[in-house]
Structures are given as C-alpha cells and as structure tokens.
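[1] need coordinates for the below:
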Amino acid sequence: MNNFSVNPIRYLKGKIKLPPDKSIFHRALVLSSIAQGKSKIKKIHQGKDCLSTLNNLKLMGVRIEEKKDGLLVYGEGLRGLKEPVDILDCGNSATTMRLLSGVLAGQNFYSVLSGDKYLKRRPMKRITEPLRKMGAKVFGREDGKFPPLTIVGGKLKGISYSSPIPSAQVKSCILLAGLFAEEDTSITEPLKSRDHTERMLKYLGGDIEIDNLKVTVKAGSSLEGEKILVPGDISAAAFFMAGAIILGGSELKIIDVGLNPTRRGFIDILIQMGADIEIIRQKTKCEEEIGDLLIKGGSELEGMVIEGEMIPRLIDEIPILAVVACFAQGETVIKGAKELHFKETDRIKAIVEGLRKMGANIEEKEDGMVIKGGKKLKGGECESYGDHRIAMALTIAALGAKKKSKIKDVECIATSFPEFKETLKSISV
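    You can find the predicted model right below:
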C-alpha cells in the first residue's frame, strides 16, 4: 500500500518490544563477517536496509544462517572476503555503502557499490576523500562525490583524520579501513557522534583507544566471533514515545531499548520539555546500555532551544521531535542541523512542509526550524518524499490532529521498520 489514511485516536496504551537497533545490527553483520570464527547475532532485523548489508556480505562469500532466534555468521577474518561477481546493491542504505566501503578499501579485489535513486544522491566525498588518503583507489560520479562507487582495494596506510562533520558513518568507514592499515588510524570529530562501532570493536577484541573526540584503531587489530545481543531500536521507539506523549491518557511501556548515551538525546530533550518518561531495568550487554521505558501522556510540554552537542545525539529523531514541538507550549528552536539536508531526502524541508500542511506554525531555517506550538493540528495530505522517518513522523502527527490525514508514499517505511503499522495498531485506542 502506497498511502496511509490516518484517523485521530484517543491515546496509546500497552507494552511493545521493537525490532533490533538498525545501526547496531548493520555493524554486527559487518564486524562478525570479518572476525575469526562464529558469531551469534540474537534477533533479526527484517528492514530492507539491513537486508542489503546481509545480502552483500553473502555475495562476498560470508556464510550466514538464519535461525529462529537470530543469525549465525561464520566470520571469514579480515582478508577472507571474496571478490563479488556482481554489483553490490545497497538499496536505500547509506550505512551499507559507507561501512562496506571501509572494509572493501582493504580487500585485494575490485568491487562496485550502487543503490536506488535516493542513495545515488547521497554525498560520498566524505568517505572517498579519507579512503584515498589511506591509499585506496576509489572512484565515483563527479570525482567520488556520488554513487555508484568503484573500489580497487589493496594495501592501506594509517592516517590521522579530522572530520569536518560529526558522522558515525564516516567515522565507522575510516575505523573499518584502519583494521587493514599498516599503521594506527585515528579520526577526530568536531562533536561526538554515535559510538556503536567503537563499542562493538572493543567487544569483539579490537585494539581501540578513545580520547574524548579522537578514536584510534591500532594496526594489527583482529576480531573474534562472539554472541551479540542487539537491543531494541531507540530511533524506532522515538515514534511511539512521541505518540504517547502528545496524546493525553496514554500509558506505554517499551521493552529492552538501547540507551547508548550518544543516542538518547531524544529522551533527554523530551524530559527537559516536561514529558513523563521513566527508565527502568537498566543493564549493560555487549558494551551497550539497555533498559525499559515507561511513558505517560498528558504532561504539559514547554518549547526550548536545541543546538550544539545535542544535535548529533538525536539527528535521526529531529523530524519526530518537530512533531512533539507542535504540541508544546511556546517556541521550539532547532539549529545546527544542516546534516538533515543530506539524508534520504531534505528532512528539514520535508517535515516543515508536511507539518505546515497539517496546520502547524513552523518555519524552515537553513540549519533547522522554528516551531510555535500550542496550536491544534487540523490534519491534511502530506508527502514522505520516499523517506521512512518523514513518513512515520507525519503518521504520528496525524494521530493527534482534528481530522483524518493522508500520508503518501509510505512503502519507504519498510527500509527500517516494516512492522511499524502493525505495532502502532496494536496499541492504538
């Protein structure tokens, strides 16, 4: 079905367990494939983005078996991958393309990575430039700015790289390439981005050093297969949290969610705005923090300014945060989020346009937006522009509107969360 017709509801009530964290699942697949020995990844992510990573690893000779409770990955070691006989199709997944590029830069063979029409517009100079500095032969459209990418892998040298942007995908690409380098490789960011790669490298035995904003992977690091528990996806949880918060009378429990400090900016901001959120049963598994969330609706929310080091901690949640801001009193200002222009679509433009069509008082800025809340949304017909997070954010906004809304082009939701509609239906009252 290409469109959602969304009726307003009274509240969200119940208990849900979400798919495994997409970011961590990608990394679990890639790192276990280049580790020595067998890894067991508990839970399987059925989103198209993760399946792109899985299928491409299989094309390079990695044996991956699907079991009832997860995946068995038989690692090939750092240099055991085989030259693919076909183009590696990354679909809509920039994570797949950027992580695999780091690995492929160190392989002694030729490969080509491509994807759908949206991925072919995503910026890749941010990885091709440092990979070339390491000695990799990387080619792409407009001198490596855009996919498809062609990589002729081989011997790499370590570099000390200062990234102009805080990006976990760029950082991960360089660290993965660093596993194959003859010297230590380090990357320094202007602000700290999510650190799942560093945590998983450490868990699998990689020799890695973290010094504030600088991360170094030591030459000669090797990885060993392990059991990997992937927590529930905090970015997926954000949509249901938002729905429960904006709908008075809601009571929702979300089980076993990832609570990595570099990812929980959305929770921290909501609590600062006045939301009723409680974290319980916290624990650490496989170097990642996990816990349950209890959310109650009906609290009076206050707008605020969101900027600086908070932005990388909630970059994927900004569209749904804009939805929450529409239901808060006063003004919410989001700035320093230029990176949203370069996602699956221009997320600043897309969410501002969609919420405005629903009746929100929202203004687009070059690096963010200004939302004047407290005005009831009326509902409307909105476009997702093929972006899964925009489609889901607008669906949640429609739950709290006065009238029925129509969200167009929602097939994209399957890239990250194919169970979204059924999960939402199960707790809607």
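[2] contacts and neighbour counts: CA atoms only from here.
    Noted.
[3] which residues of this protein fall in helices?
    Secondary structure of the chain (DSSP state H): helices at 22-33, 48-59, 94-104, 125-133, 141-144, 168-178, 196-203, 234-246, 265-273, 318-326, 347-357, 388-399, 420-427.
[4] out of those, which gets nearest to Gly14?
    helix 420-427 (5.5 Å; CA to CA).
[5] give me the buried positions along the closest one.
    Within helix 420-427, the residues scored as buried using 16 or more other CA atoms under 10 Å are 420, 423-424, 427.
[6] mind giving me the packing neighbours of that helix?
    Helix 420-427 sits against strand 13-17, with contacts defined as 3 or more CA pairs under 8 Å, 6 or more residues apart in numbering; DSSP states H and E.
[7] 10 Å - rerun?
    Judged by 3 or more CA pairs under 10 Å, 6 or more residues apart in numbering; DSSP states H and E, helix 420-427 is in contact with strand 13-17, helix 234-246, helix 388-399.
[8] average model confidence for the shortest one?
    Averaged across strand 13-17, pLDDT comes to 97.
[9] one more: the second one?
    Per-residue pLDDT values over helix 234-246 give a mean of 97.
[10] also the last one?
    Mean pLDDT, helix 388-399: 97.
[11] now the angle from that helix to helix 347-357?
    20 degrees (axes from the mean of the first three to the mean of the last three CA atoms, to 10 degrees).
[12] so which elements touch helix 388-399?
    strand 3-6, helix 234-246, helix 318-326, helix 347-357, strand 381-383, strand 405-408, helix 420-427.
[13] go again with 7 Å.
    When contacts are defined as 3 or more CA pairs under 7 Å, 6 or more residues apart in numbering; DSSP states H and E, helix 388-399 sits against strand 3-6, helix 234-246, helix 318-326, strand 405-408.
[14] could you dump that helix to CSV, C-alpha only?
    Provided in CSV are the C-alpha atoms of helix 388-399 (Å, rounded to 0.1, in the frame of the first residue of the first chain):
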residue,chain,number,x,y,z
HIS,A,388,10.9,6.4,6.1
ARG,A,389,11.4,8.8,9.1
ILE,A,390,9.3,11.5,7.5
ALA,A,391,6.6,9.0,6.7
MET,A,392,6.5,7.7,10.3
ALA,A,393,6.8,11.2,11.9
LEU,A,394,3.8,12.5,9.9
THR,A,395,1.8,9.4,10.7
ILE,A,396,2.3,10.1,14.5
ALA,A,397,1.4,13.8,14.0
ALA,A,398,-1.8,12.7,12.3
LEU,A,399,-2.9,10.7,15.4
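[15] how far off centre is that helix?
    Computed by CA atoms, centre = their mean, to the nearest Å, the chain-centroid distance of helix 388-399 equals 16 Å.
[16] contacting residues around that helix?
    Contact with helix 388-399 is made by 6-9, 239, 243, 319-320, 323, 351, 354, 379, 384, 405, 407, 410, 412-413, 415, as judged by CA atoms under 7 Å, 6 or more residues apart in numbering.
[17] buried subset of those residues?
    Using 16+ other CA under 10 Å as the threshold, 6-8, 239, 243, 319-320, 323, 351, 354, 379, 384, 405, 407, 410, 412-413, 415 are the buried ones among the contacts of helix 388-399.
[18] can I get the helices and strands packed on helix 420-427 in JSON lines including distance to Lys58?
    Shown next, in JSON lines, are the helices and strands packed on helix 420-427 (distance: least, CA to CA, whole Å):
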{"stretch": "strand 13-17", "distance to Lys58": "28"}
{"stretch": "helix 234-246", "distance to Lys58": "27"}
{"stretch": "helix 388-399", "distance to Lys58": "26"}
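[19] and Ser160, which of these is closest to it?
    By CA to CA (comparing all of those), the closest turns out to be helix 234-246, at 31.0 Å.
[20] ok, the lowest-mean-pLDDT helix or strand in the chain: who's next to it in the sheet?
    The helix or strand of the chain with the lowest confidence, counting by mean pLDDT, DSSP states H and E, is strand 3-6 at a mean of 92. When pairing is defined by DSSP bridges, strand 3-6 lines up against strand 405-408 (antiparallel).
[21] mean confidence (pLDDT) on the strand it pairs with, please.
    96.
[22] got it, and stretch 201-217?
    Rounded mean pLDDT across stretch 201-217 is 97.
[23] do stretch 140-147 as well
    Here stretch 140-147 scores 97 as its mean pLDDT.
[24] one step back: format the helices of the chain as JSON lines; extra columns: distance to Leu301.
    As requested, the helices of the chain are exported to JSON lines (distance: least, CA to CA, whole Å):
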{"stretch": "helix 22-33", "distance to Leu301": "29"}
{"stretch": "helix 48-59", "distance to Leu301": "34"}
{"stretch": "helix 94-104", "distance to Leu301": "34"}
{"stretch": "helix 125-133", "distance to Leu301": "38"}
{"stretch": "helix 141-144", "distance to Leu301": "45"}
{"stretch": "helix 168-178", "distance to Leu301": "31"}
{"stretch": "helix 196-203", "distance to Leu301": "31"}
{"stretch": "helix 234-246", "distance to Leu301": "9"}
{"stretch": "helix 265-273", "distance to Leu301": "5"}
{"stretch": "helix 318-326", "distance to Leu301": "8"}
{"stretch": "helix 347-357", "distance to Leu301": "18"}
{"stretch": "helix 388-399", "distance to Leu301": "16"}
{"stretch": "helix 420-427", "distance to Leu301": "23"}
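[25] closest one to Lys218 among these?
    helix 168-178 (7.7 Å).
[26] what lies in contact with stretch 128-137?
    105, 138, 144, 151-154, 156-159.
[27] swap in stretch 97-113?
    79, 83-84, 87-90, 136, 148-156, 169-170, 172-174, 176-177, 180.
[28] check which residues of it are buried.
    97-108, 110-113.
[29] measure that stretch end to end?
    Separation of the first and last residues of stretch 97-113 by CA to CA, to the nearest Å is 7 Å.
[30] return the distance of it from the chain's centre.
    Stretch 97-113 has its average C-alpha position 21 Å from the chain's average C-alpha position, going by CA atoms, centre = their mean.
[31] likewise stretch 71-88?
    Distance, stretch centre to chain centre, for stretch 71-88: 23 Å (CA atoms, centre = their mean).
[32] mean confidence for it?
    The model assigns stretch 71-88 a mean pLDDT of 97.
[33] same thing with stretch 105-118?
    In this model, stretch 105-118 carries a mean pLDDT of 97.
[34] quick check: end-to-end length of it?
    24 Å.
[35] please apply the same query to stretch 118-125.
    Chord length of stretch 118-125, first to last residue, is 16 Å (CA to CA).
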